[in-house]
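> with the input below, show me the fold.
(one chain, ligands or ions: 1)
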Amino acid sequence: MSIGRSEGQQLPPELLAKFKTIVGDKHALIDHGDVAPYLSEERGLFHGRSPLVLRPASTAEVSAICRLATEHKVALVPQGGNTGLVGGQTPHHGEVVVSLRRLNKVREVDTASNTMTCEAGVVLQIAQQHAAGVDRLFPLSLGAEGSCTIGGNLSTNAGGTTALAYGVARDLALGLEVVLADGRVLNLLSKLKKDNTGYDLRNIFIGSEGTLGIITAATLRLFAEPREIETAFVGLTSPAQALKLLALSRSEAAGLLTGFELLSQIAVEFTIRHAIGVRDPLAGKHPWYVLMELSSPRDEAQTSLEAILTQAFEDKIVDDAAIAANLSQRLAFWKLRDEISAAQKPEGGSIKHDISVPVAAVPEFIARADIAVGKLIPGARPVPFGHLGDGNIHYNVSQPIGVSRADFLARWRDVNELVFEIVRDLSGSISAEHGIGVLKRRELPLVKDKIAIEVMRQIKATLDPLGIMNPGKVL
Ligand code: FAD
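Numbering: from 1, shown residues only. This next block holds a predicted model:
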């Protein structure tokens, strides 16, 4: 497939002037210093180059950009908050960046229908606050929520810590507005839960990582704001015990269970060592920990949590537990969880995996991966943590102490291969929530059904025949 002008893309001055006219000079960035923040992401893993960053403020401007890009075969990279972890938002080959951050209006909140229509550039935390302002919950929640955008969340089908109870981004969107590569505006902005009028086009764009079109707005589902949230930090001996606690919690609390995160001892140690103001909520050390949360619109969460933990102690599933006594303790428990990725940085290089396996297979996955990684790189330090309730583990591996960071990171593909082999064997996925981007593009054909890849290519060719939408990503 052709990838438009992106290879070493030079824009003729007349074309540059036309792009500038669409968004205004101030929002067409060409100076190195202005463009630089859009070219690399926070971890510094991916670096790109681009002659131009466009910052449209409306769907009409996005549409005009796409029309002009199609006319001149100019490759585009949509970008939201630039927090993606697989290099999907980076212009690796000199593409024009289309930053959606100025599309930042909440167009409508409809409390009777429990919906909120946001433009793509609305920051997730702002969307949450808007919902809270009308006594509703928009439950999507992730570590990057202060910077990531609704458009980015939908394009990556983000998961996060509440997927257990409320589902992933896909489950939270009722409708979408998308600008196609040729500039046509596809209006799928519906508030309907029930609408069986043919193919589900909305879901083709969700999770497509900007390769099929640019999402400009979405109608999102809102929920009742919980009145009571109870959080516990639990010490236990193994992921198998954590699974027993999950099963017990589900049978006791059913729909009240809104969070269930598994943390390895080393993940907790790194965070306590490196994150400011983080303390261990428990008196002694434990091989594994669970951070669990129950939420309720009535006063049921506390009784339920206490009943679960009492039973778990009796059944010798858990060894110690602390229940947050107030909001600041609850936030401190979550800080311990949220800072894990950042706390790995001072420990040197970290090779990341965002995998999922059937929930029951998580203990086997971790045990097998630890052995395989230990054999390949003696002294390597696996730091598994993540959303146990979704079978989604961030199986990160920190470098052995005292070795060169660069030498360790050079083994990235070797470690991936080993881990992905185990994931395949357990019928799992090599990308549970971060997407494919460029990071896992090479591996996708190895793990995905051949016909599925063919159909994906056919959809791409239909919607983006010139290959100008985020070329080189996913496929
Ligand atoms: P970007 O990074 O800007 O873009 C991501 C992808 O979406 C790119 O392919 C881009 O081209 C495309 N895109 C962006 N906006 C649009 C648009 N409007 N239309 C079409 N395509 C678009 N992810 C999780 O799923 N769960 C987590 O728990 C989680 N935790 C994280 C914690 C931290 C500290 C960090 C840094 C990241 C985390 N992420 C997590 C990853 C990331 O935050 C999500 O992928 C997020 O959804 C990306 O949103 P963004 O606006 O930053 O998108």
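
> could you give the number of residues near Leu176?
25 (other CB atoms under 10 Å). (C-beta placed from N, C-alpha, C; glycine too.)

> that's a strand at it, yeah?
Yes. The assignment for Leu176 is a strand, going by DSSP: H, G, I helix; E, B strand; the rest coil.

> how near is it to Phe270?
39 Å (CB to CB, to the nearest Å).

> please apply the same query to Pro384.
Pro384 is 12 Å from Phe270, by CB to CB.

> do Leu331 as well
For Leu331, the distance to Phe270 - CB to CB - is 19 Å.

> higher neighbour count, the two?
Taking neighbours as other CB under 10 Å, Leu331 and Phe270 compare with Phe270 leading, 26 against 13.

> looking at the stretch 51-200 of the chain, which residue is nearest the ligand?
Gly152 (2.1 Å; CB to the nearest ligand atom).

> surely that residue touches Gly81?
Yes. Assessed by CB atoms under 8 Å, Gly152 is found in contact with Gly81 at 5.5 Å.

> between these two, which is the more surrounded one?
Each of Gly152 and Gly81 has its neighbours counted (other CB under 10 Å); Gly152 has more, 30 against 23.

> and for that one, nearest residue in space, chain neighbours not counted?
Closest residue in space to Gly152, ignoring its immediate chain neighbours: Gly80 at 3.1 Å, by CB to CB, 6 or more residues apart in numbering.

> cool, and Phe270?
Ala343 (4.2 Å).

> how deep is the one you found tucked in, by neighbour count?
22.

> stretch 182-190 near the ligand at all?
No. Judged by CB under 6 Å from any ligand atom, stretch 182-190 stays clear of the ligand, getting no closer than 12.1 Å.

> residues contacting that stretch, please?
59, 63-68, 70, 117, 174-180, 201-202, 213, 216-219 (CB atoms under 8 Å, 6 or more residues apart in numbering).

> helix, strand, or coil at Leu16?
Secondary structure, three-state DSSP: Leu16 is helix.

> that one and the ligand, how far apart?
22 Å (CB to the nearest ligand atom, to the nearest Å).

> leaving out sequence neighbours, find the closest residue to the residue in the stretch 301-450 of the chain positioned nearest to the ligand.
Nearest residue of the stretch 301-450 of the chain to the ligand: Glu433, at 3.5 Å (CB to the nearest ligand atom). In this structure, Glu433 finds its nearest non-sequential neighbour in Gly159, 3.4 Å apart by CB to CB, 6+ apart.

> what number of residues lie near that neighbour?
Neighbours of Gly159 (other CB under 10 Å): 25.

> for it, grab phi and psi.
In terms of degrees, to the nearest 10, the main-chain angles of Gly159 are phi -110, psi -80.

> tell me the pLDDT of it.
Gly159 is assigned 94 on the pLDDT scale.

> in terms of contact, does it touch Val168 like I think?
Yes. If you go by CB under 8 Å, Gly159 and Val168 touch, sitting 4.8 Å apart.

> spit out the residues that contact these two alike.
Joint contacts of Gly159 and Val168 (CB under 8 Å, 6+ apart) are Glu433.

> where do the strands sit along the stretch 51-200 of the chain?
53-54, 76-79, 96-99, 106-110, 115-119, 136-137, 173-180, 185-188 (DSSP state E, counting those that start in this stretch).

> would you mind listing what in the stretch 251-400 of the chain touches the ligand?
So far as CB under 6 Å from any ligand atom goes, the stretch 251-400 of the chain lies against the ligand at Ser341.

> in the stretch 301-450 of the chain, which spans are helices?
For the stretch 301-450 of the chain, the helices defined by DSSP state H, counting those that start in this stretch occupy 301-314, 327-338, 340-344, 362-376, 405-409, 412-425, 444-447, 450-463.

> need the winner for burial among the ones you listed.
Among the helices of the stretch 301-450 of the chain, ranked by average contacts under mean count of other CB atoms under 10 Å, first place goes to helix 340-344 (a mean of 21).

> ok, now which ones touch Phe46?
So Phe46 contacts 40, 87, 90, 92, 438 (CB under 8 Å, 6+ apart).

> show me the contacts for the second one.
Each residue near Gly87 by CB under 8 Å, 6+ apart is listed here: 41, 45-46, 437-439, 473.

> what's the most distant pair in the residues you listed?
Spatially, the most separated pair among the contacts of Gly87 is Leu45 and Lys473, at 14.9 Å (CB to CB).
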